[in-house]
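# with the sequence up front, the predicted model follows.
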Amino acid sequence: MAWVVPDTFVGTAVTFSSGFIVKILDVAWDGISREMIETTHATTASNYKTFMVSDFADPGSLTCTIEFDALTLPPINGAFETVSVDFGGDATNFTASGAMSDFSLTGNSSGSPDMATATCGLKFSGPITIT
């Protein structure tokens with residue numbers, strides 16, 4: 001297997017088909033997961049639990065820390081829409097149906113000139129397209 005230089009993810013962007021756009025400071029995708037269904041029963045041999053894999057995968061959620069823009073209303077009341085996650089550089093890009101699940105603003109009461117930030121959560125639904 002050839003060595004692949006890791007990507008730095010500089011320039012990560014998240015875009016919405018509705019046009020909502022913000023400056024991203026940090027992104028964390030909790031990942032794609034499948035439930036493991038326990039199949040252990042009274043006559044299972046070896047005294048170890050047994051499992052089977054669910055037929056359904058959960059596409060996960062995305063948490064973003066963003067620069068807060070008081071003039072841009074987040075789509076917290078919006079329906080599911082196409083959301084693209086571009087990790088920048090030569091990294092893989094993901095597109096999925098997503099909706100904003102939560103939005104919280106972090107205020108600054110210290111009097112320092114720090115920028116206001118916000119955190120938003122997105123829940124994905126259905127398949128993910130990788131480009």
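That came through, no problem. Numbering: from 1, shown residues only.

# ranges for the strands of this structure?
13-16, 24-29, 33-38, 51-58, 61-67, 81-86, 93-106, 117-130 (DSSP state E).

# same list (the ones you listed) but as a markdown table, adding mean neighbour count, distance to Leu73 and mean pLDDT.
Placement of C-beta: from N, CA and C, glycine included. Listed next are these as a markdown table, based on neighbours: other CB atoms under 10 Å; distance: least, CB to CB, whole Å; pLDDT from 0 to 100:
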| stretch | mean neighbour count | distance to Leu73 | mean pLDDT |
| --- | --- | --- | --- |
| strand 13-16 | 18 | 12 | 85 |
| strand 24-29 | 14 | 17 | 87 |
| strand 33-38 | 11 | 31 | 94 |
| strand 51-58 | 11 | 28 | 95 |
| strand 61-67 | 18 | 13 | 90 |
| strand 81-86 | 18 | 15 | 90 |
| strand 93-106 | 17 | 10 | 91 |
| strand 117-130 | 16 | 12 | 92 |
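
# looking at those, which is closest to Thr44?
Closest of those to Thr44 is strand 33-38, at 10.1 Å (criterion: CB to CB).

# give me the pLDDT for the residue nearest to Ile66 when sequence neighbours are not counted.
Nearest non-adjacent residue to Ile66, counting by CB to CB, 6 or more residues apart in numbering: Val22, 4.4 Å away. We have a pLDDT of 76 for Val22.
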